[in-house]
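Colleague: have a look; sequence and predicted model below, questions after that.
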Amino acid sequence: QVLLVESGGGLVQAGDSLRLSCAASGRTFSNYAMGWFRQAPGKKREVVAAISWTGGSTYYADSVKGRFTISRDNAKNTVGLQMNSLKPEDTAVYYCAAEVRPSFGPIRTTIPDFGSWGQGTQVTVSS
């Protein structure tokens, strides 16, 4: 299992930027596809962005496409989420996740594909 710790959340105004970071330990991080998810109050957890184990492929939810960027640094065992032009509807707890086991395959985007989760970091965007 991969151990994940998120950081970087906070309270910002609409239009501002934030960068979330997720530090991984416990397994060979570079072998795992990674994802960022979020869960707003009263709503289901949803995928925000995902990145393949090589970093060569990325996926973005339509709601964040063009505003958010996912990246990874396998040398530092970290995955980041740069969030620009934030909107009040981006308010949620954001979670970093690693796939259940290294698949060395296509990018993962659904919750059942991910087996290790961080504790989450709160992002609040005021209007």
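Modeller: Yep, it's here. Keep in mind that what you see is a predicted model, and the values were worked out from it rather than measured.
Colleague: hey, let's count contacts and neighbours off CA atoms from now on
Modeller: OK.
Colleague: just the endpoints, please. Distance across stretch 16-29?
Modeller: 30 Å (C-alpha to C-alpha, to the nearest Å).
Colleague: cool, stretch 27-45 as well?
Modeller: Across stretch 27-45, first to last residue, C-alpha to C-alpha, it's 25 Å.
Colleague: now that stretch, how far from the centre of its chain.
Modeller: 5 Å (C-alpha atoms, centre = their mean, to the nearest Å).
Colleague: pLDDT on it, on average?
Modeller: Mean pLDDT, computed over stretch 27-45, is 94.
Colleague: what sits up against it?
Modeller: Stretch 27-45 is contacted from outside by 1-3, 46-54, 74, 77, 79, 81, 91-99, 101-104, 107-109, using C-alpha atoms under 8 Å, 6 or more residues apart in numbering.
Colleague: among those, which ones are buried?
Modeller: For the contacts of stretch 27-45, a burial check counting by 16 or more other C-alpha atoms under 10 Å picks out 2-3, 46-54, 74, 77, 79, 81, 91-99, 107-109.
Colleague: so which of the residues you listed sit within strands?
Modeller: Assigned to strands by DSSP state E, the following of the buried ones among the contacts of stretch 27-45 qualify: 3, 46-51, 79, 81, 92-99.
Colleague: please name the bridge partners of the residue nearest to A50 when sequence neighbours are not counted.
Modeller: Nearest residue to A50, sequence neighbours excluded (C-alpha to C-alpha, 6 or more residues apart in numbering): G35, at 4.0 Å. Applying DSSP bridges to G35 yields these beta-bridge partners: A50, A97.
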